[in-house]
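In: I would like to see how this sequence folds:
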Amino acid sequence: MRYHKNKKPRHDIPYGMMFLLFILNFLARFIFILSMKNNPYSLITRYTVDAFYYHNWALSIMQGNWIGHEVFFLGPFYAYFLAVIYKIFGTNIIVVQSIQAVLSSFGVVFLYLIVRRITNNRNAIIASIIYIFSGILIFFTGALLYVEVNIFLSLLLFYLLIKLNDNFSRKLIVFAAIIFGLLIMVRPEFLLLLVLLIPYFIIKIRPKPILQYIIFALISLVIVSIIPIRNYLVAKDLVPFTGHSGINFYYGNNPYTDGTWRVVYPLTRSADISIEAFQKSSQTINGQTVKASVASNYWMKQGLNFIKQYPDKYIKLLTRKFLLSINSYEIPNNYYFNQTKEDSFILKIAIFSFGFIFPCAILGIVLSAKRWKDFYLIYSFIFVYIISALVFYVISRLRVPVLPFLIIFAAIFLGDFFERLRSKKYNSVIILSIAFFILFLLGQIRIINHREFEMQGYTQKGDIYLSIRKPKLAADEFNQAIAINPNNVVARYSLLHAYISLNRPQDALEQVNVISSIAQQYPQYLIYAHWAQARYDIAVRNFPHAATEFEQAIKLSPYDADTHYQLGAVYITLGKYKNAYNEMQKTLELEPNHSQALSAISMLRNYLQKNNP
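Out: Below is the predicted model:
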C-alpha cells in the first residue's frame, strides 16, 4: 500500500475542495434540520431530558445566573455555549442547530486536511464523503447536546497537533492547549490523552519537546481548573468536574446494568427521569442530603465494591460493553435515531452507518500497521473513547464522537481496496471482502433487546405529541409502545392523559385500573398509580381526592417538580391559596424556569398580599 509520506508539510492548500466539502456537509445537515422542524423529536420538552436541562440552564445564565449556586451536576460548557447563542440570536432552536451544522462543516474540512496530510488526497476525499453522508453524524447535528461541539473540538485539536509537527510555534501550542482544555471540559475522560500525548511530543515535536509538553499540559490544566475552583467558591465543595461523575460510574458498574445507561432502583425512588430527580436522589444517602463530593465518592465506591465482590460478573460486563461499543445498533438515550430515520429522507439516503464504518476501520488499521508511528495520535483518540465506554457505559451519543477517527482508517481501507481492484489483484480483493463481511456480521449480532428501545421511542414521541396538544397522534404512539410491552406503565399513564384529552373517560379509567394492578406487582411504579388516579379524579372533578393522591405521590418522589405544580393547581381549585403558594415555591426550587409555576406564583403572591395585609 503506497502513501505520500509527507515528510515535509504540503503547501498546495486545496481551497476549492475545502469549500466544496464545507458547503456539501452544511447542506446535508441543514436540509435535515429543516425537514425535521415540525417533527416531535425536534422540540425541546421535558421529555428530551438532557437537552431540556441544558436549554433551561442556558436561559438561567441569560437571566444573570451566570455563575450558579451549586456544584455543576452536568458538564457546563454546552450550557454556556447555548447561552451565548441565545443572547445573540434569541432562543431560536434552528439557529443553534444551524451553528452546529457550521461546526460540523468545519469538522469535515479539518478531517479532509488531516487525512490528506497523513495519507493522500484520494483517501481524504473518501473520508470526507463518509463523514458527510454518515446518518448518525447528521442526526446529532440537530440535537441540543454537546455531541457536535465534542466532535469539532476533537478534530480541531488533532489538526493543531499535527500542525505543531509541521510548523512549530509558541502561539500554536498555546491555542492547541486551550482547545484541549475546553475538550476536557466537555469530556473529562480526555485527561487520559494528556498521558498518551507524552510519546507524541517526544517523537514529533521540535524543538525542546519536554518543555513544550509541560507548557501544553499546564495551560490545559489551568483552563480545566476553572471548574473545580468555581465549584469550591460557589458551594464550598471541592468537586473536580461534575457532581454526576460518581453516579455515572455506578450506572455503568453495578449488578443490574446491561452495559448501557439504565435507571437503577432504589437510586431513583420513582420512575421520574428528570435531571433534577437524579441529582436529588444521588445526593440522598441513607435518607440524608449530602454534599455533591460526598455523594460522588459514595457512588464511586459502590461501583468499585461491585467490581471487587463480583470480578467474574465484571469481566463479563466488560466483554459486553466492548461488544456493544463495536455493535452496529445505535443505543438511544433521549434521542432515537432509528425512529427519526423513519421520518427523515436525508437520514434514509445517508448510507454510511457505524456498522459499515467499523469493519472498514479495522481493516484499515491492519493494512496501515507498518506505519503505526504515523497513526499513533489517531490510536490515542480512539483508545480514549473505548476506555470511556468500558469504564462507564455505551450509548450512541457518547460513542459517535469516535467516528471521525474510525473514518480515517475506513478511508485507508477503501482507498487500498479500490486500488487493488483497479490493479486486478483479485486474490487479495477476495480475502479483504471476506474479512469485511465477517467483521460486518460481528457488528450485527443482537446483544440487547432493540424492541425495548423502540418502545421507549414510541412513548417519548407520544409524550411530545401530548405536550403540543395532539392527543390522537399521541394515543397512537402510546398504543404502539404498549403493544411491545403491556406492562409499560409510563406509556399507559401517558395514554390516560390522551384519553382524557379526547374525552374518553371509560378508556381513561381502564388505564387507571391496569396501572394500579401493575403497581401491586412492581412497587417502584406505585407513584404512577397515585398519579393516574389523581389525573382521573381531576377529569371527573373529584379535586379533594386528587389532592390526596398527589400528596401520596410527593411522599414517594419529593423532588418531582411537576407533581408539586399539579398539587398546587389542585389547591388553587380548592381555594387553599397558601398551600398552593408553597407548592409553587417548591416547584420553582426544583425547576426555576417552570413557566406555569412562575405565572401561578405571581398570581398567588398578589392575591395573598391583598387578602393578608
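In: what's in contact with stretch 304-318?
Out: Asn253, Asn254, Pro255, Thr257, Gly259, Leu390 (CB atoms under 8 Å, 6 or more residues apart in numbering). C-beta: built from backbone N, CA, C; applies to glycine.
In: can you redo those as CSV with distance to Ile151, pLDDT and secondary structure?
Out: Shown next, in CSV, are those (distance: CB to CB, whole Å; pLDDT from 0 to 100; DSSP: H, G, I helix; E, B strand; the rest coil):
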residue, distance to Ile151, pLDDT, secondary structure
Asn253, 26, 94, coil
Asn254, 30, 92, coil
Pro255, 34, 91, coil
Thr257, 27, 91, coil
Gly259, 23, 92, coil
Leu390, 21, 92, helix
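In: of the residues you listed, keep whichever come out buried.
Out: Asn253, Asn254, Thr257, Gly259, Leu390 (16 or more other CB atoms under 10 Å).
In: residue contacts, the residue nearest to the spatial centre of the chain?
Out: With distances taken as CA atoms, centre = their mean, Arg397 lies nearest the centre of the chain, 4.6 Å away. By CB under 8 Å, 6+ apart, the contact list for Arg397 reads Phe140, Ala143, Leu145, Val147, Asn333, Tyr335.
In: for the last one, grab the count of nearby residues.
Out: Right, the one you point to is Tyr335. Using other CB atoms under 10 Å, Tyr335 has 25 other residues around it.
In: which non-adjacent residue is nearest it?
Out: Excluding the flanking residues, the one nearest Tyr335 by CB to CB, 6 or more residues apart in numbering is Ala143, at 5.2 Å.
In: what do you get for the fifth one?
Out: Nearest residue to Asn333, sequence neighbours excluded (CB to CB, 6+ apart): Ile395, at 4.4 Å.
In: now do the fourth one
Out: By the measure of CB to CB, 6+ apart, the closest residue to Val147 outside its immediate chain neighbours is Phe140, 4.2 Å from it.
In: for Lys5, give me the pLDDT.
Out: What the model reports for Lys5 is a pLDDT of 43.
In: pull out the buried residues from the helix or strand containing Arg420.
Out: Here Arg420, judged by DSSP states H and E, is contained in helix 403-422. Going by neighbour count (16+ other CB under 10 Å), the buried part of helix 403-422 is 403-417, 420.
In: in the helix or strand following that helix, what's buried?
Out: Counting by DSSP H and E, the element after helix 403-422 in chain order, helix or strand, is helix 426-443. Neighbour counts using 16+ other CB under 10 Å place Leu432, Phe436, Leu439, Leu442, Gly443 of helix 426-443 among the buried residues.
In: do stretch 470-487 as well
Out: Quick answer for stretch 470-487 (16+ other CB under 10 Å): Lys470, Pro471, Leu473, Ala474, Ala475, Glu477, Phe478, Gln480, Ala481, Ile482, Ile484, Asn485.
In: most widely separated two among those residues?
Out: Lys470 and Asn485 (23.1 Å; CB to CB).
In: quick one: Ile13 from Phe139, how far?
Out: From Ile13 over to Phe139 the distance is 31 Å, taken as CB to CB, to the nearest Å.
In: out of those two, which sits in the busier spot?
Out: Shown here are Ile13 and Phe139; by other CB under 10 Å, Phe139 has more neighbours (28 against 10).
In: show me what contacts the nearest residue to that one once chain neighbours are set aside?
Out: Nearest residue to Phe139 in three dimensions, chain neighbours excluded: Phe337, at 5.1 Å (CB to CB, 6+ apart). Going by CB under 8 Å, 6+ apart, Phe337 touches Gly135, Ile136, Phe139, Glu330, Leu347, Ser396.
In: max pairwise distance over those residues: which two?
Out: Pairwise across the contacts of Phe337, and taking CB to CB, the largest span is found between Leu347 and Ser396, at 13.5 Å.
In: low pLDDT regions in the stretch 351-500 of the chain?
Out: Counting by pLDDT under 70, the stretch 351-500 of the chain contains no low-confidence range.
In: report how many residues lie close to Trp372.
Out: The number of residues near Trp372, taken as other CB under 10 Å, comes to 11.
In: correct me if wrong: it contacts Val366.
Out: No - if you go by CB atoms under 8 Å, Trp372 and Val366 don't touch, sitting 10.9 Å apart.
In: circling back: wait, which of the buried residues of stretch 470-487 is closest to Ser595?
Out: For those, the nearest to Ser595 is Lys470 (19.6 Å; CB to CB).
In: and the closest one, how far from Leu502?
Out: Counting by CB to CB, the gap from Lys470 to Leu502 is 11 Å.
In: hey, where'd the strands end up in the chain?
Out: Applying DSSP state E to the chain gives strands spanning 284-285, 288-289.
In: deepest-packed of those strands, please.
Out: Of all the strands of the chain, strand 284-285 carries the top mean neighbour count, a mean of 14, counting by mean count of other CB atoms under 10 Å.
In: flag the shaky bits of the stretch 151-300 of the chain, pLDDT-wise.
Out: In the stretch 151-300 of the chain, residues with pLDDT under 70: 264-274, 276-277, 287.
In: can we see that at 80?
Out: Scanning the stretch 151-300 of the chain for pLDDT under 80 picks out 263-289.
In: can you map out the helices along it?
Out: Listed in chain order, the helices of the stretch 151-300 of the chain (DSSP state H, counting those that start in this stretch) span 170-186, 191-204, 209-224, 226-235, 245-252, 275-282, 292-309.
In: of those, which is nearest Gln506?
Out: helix 275-282 (32.4 Å).
In: for the closest one, packing partners?
Out: With contacts taken as 3 or more CB pairs under 8 Å, 6 or more residues apart in numbering; DSSP states H and E, helix 275-282 sits against helix 49-62, helix 245-252.
In: give the contact list for Leu194.
Out: Leu194 neighbours (CB under 8 Å, 6+ apart): Phe180, Ala217, Ser220.
In: one step back: between the buried residues of helix 426-443, which is nearest Ile229?
Out: Using CB to CB, those come closest to Ile229 at Gly443, 43.3 Å.
In: for the residue nearest to the closest one when sequence neighbours are not counted, phi and psi?
Out: Excluding its sequence neighbours, the residue lying closest to Gly443 (CB to CB, 6+ apart) is Ser328, at 4.2 Å. Dihedral angles of Ser328 (phi, psi; degrees, to the nearest 10) stand at phi -70, psi -20.
In: mind checking how far the longest helix seen in the chain is from the chain centre?
Out: Longest helix in the chain, counting residues (DSSP state H): helix 93-118. Put simply, helix 93-118 sits 19 Å off its chain's centre (CA atoms, centre = their mean, to the nearest Å).
In: and that helix, average pLDDT?
Out: pLDDT averaged over helix 93-118 gives 96.
In: quick one: that helix to helix 403-422, angle?
Out: 50 degrees (axes from the mean of the first three to the mean of the last three CA atoms, to 10 degrees).
In: what packs against helix 93-118?
Out: Packed next to helix 93-118, using 3+ CB pairs under 8 Å, 6+ apart, are helix 15-35, helix 77-89, helix 121-132, helix 135-141, helix 147-166, helix 403-422.
In: averaged pLDDT, stretch 51-60. What do you get?
Out: 92.
In: likewise for stretch 603-613?
Out: In the prediction, stretch 603-613 has an average pLDDT of 81.
In: cool, stretch 320-332 as well?
Out: Rounded mean pLDDT across stretch 320-332 is 94.
In: for Leu347, see how far away the residue nearest to Gly457 when sequence neighbours are not counted is.
Out: Nearest non-adjacent residue to Gly457, counting by CB to CB, 6+ apart: Tyr336, 3.7 Å away. Distance of Tyr336 to Leu347, computed by CB to CB: 12 Å.
In: I am finished for the moment; much appreciated.
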